[in-house]
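Q: can you look at this prediction? I've put the sequence above it.
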Amino acid sequence: MSPFSALRVAGLLARRGVAVNISVRAAHGHEISKQEDMSLPMYWDRKDTPLPDIPFQKALTADQQSLKQKELGSWKNLSEEEKIALYRLAFNQTFAEMKKPTQEWKTVVGGVLIFIGLTGLVVWWQRVFVLPPQPHTLKEDWLAAQAKRMIDMRINPVEGFSSSWDYEKNQWKK
Amino acid sequence: MSAGTLAKPAMRGLLGKRLRFHLAVAFTLSLAAAAGFKFSVTEPRKQAYAEFYKNYDAMKEFEAMREAGVFQSVRPKGQ
């Protein structure tokens, strides 16, 4: 796996809040890359799964472990910082952080418009170099004769084509 | 924890409440759409047909079409 695609995968997973255990193989790579074990419960920051299967931090330092011991007692003894630290051990992002709007839509819209523009250029080239000449039935004089015949036949005289023609004055209705 | 306590959120009847609200909205919008279509499309169309056929002379139209030469069974008078 090239270093760039590995970086991009790690970036995508990090944005999803997964406890990333992937270490990117360096370009001069002597490091081993470890894959996340997909058969075990994983941590996800998701609005529709507010309580993920596992806590965010599984491996705790000594300080964090003593804090977890303190959590087993009465919570009234915990200070504000300790409560927030315990929250951050269990969760990566708060709901507010999860819901924060990204500016991704601008990239998406921009990319879409760029590709539509490129497609327009391709279509123009095709019009010049690929498409055959238009059929003679689309020439102006043919279309005029066609319209005259439709009027003579009273095509859709109530609400449609011939209803716009003034048969008295022999012209289109104003 | 925060100083005050929050009110307990609604725990039951959420789907029923949503359905009652959206059912009313759906009914109203459907009726409005039907009424709008009736009065903007079907009534004007019925009027247009009534107007067209009020003074419609089929034979006169036929003779005009015949002179224009659109029929295969009758050619214009004079041919």
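A: Looks like it came in fine. Numbers count the residues shown, from 1 in each chain, chains lettered A, B, ... in the order given.

Q: leaving out chain neighbours, which residue sits closest to A:K173?
A: Distances taken as Cβ to Cβ, 6 or more residues apart in numbering or on different chains put A:D166 closest to A:K173, at 4.7 Å, once the chain neighbours are dropped. For glycine as for every other residue, the C-beta is placed from the backbone atoms N, C-alpha and C.

Q: neighbours of the residue nearest to A:I155 when sequence neighbours are not counted, just the number please.
A: Residue nearest to A:I155 in three dimensions, not counting chain neighbours: A:F161, with 4.7 Å by Cβ to Cβ, 6+ apart. Close neighbours of A:F161, defined as other Cβ atoms under 10 Å in any protein chain shown, add up to 14.

Q: ok, A:F161 to A:K139 distance?
A: 20 Å (Cβ to Cβ, to the nearest Å).

Q: got any ranges where the chain has weak pLDDT?
A: I'll assume chain A. A:1-31 (pLDDT under 70).

Q: try again with chain B
A: The model of chain B has pLDDT under 70 over residues B:1-3.

Q: tell me which residue lies nearest the centroid of it.
A: In chain B, the residue lying closest to the centroid (Cα atoms, centre = their mean) is B:F37, at 3.1 Å.

Q: again, but for chain A
A: In chain A, the residue lying closest to the centroid (Cα atoms, centre = their mean) is A:V108, at 6.8 Å.

Q: which element, helix or strand, includes that one?
A: Element membership for A:V108, per DSSP states H and E: helix A:104-129.

Q: what packs against whichever helix or strand comes after that helix?
A: As assigned by DSSP H and E, the chain's next helix or strand after helix A:104-129 is helix A:140-152. Where contact means 3 or more Cβ pairs under 8 Å, 6 or more residues apart in numbering or on different chains; DSSP states H and E, helix A:140-152 is not packed against any helix or strand.
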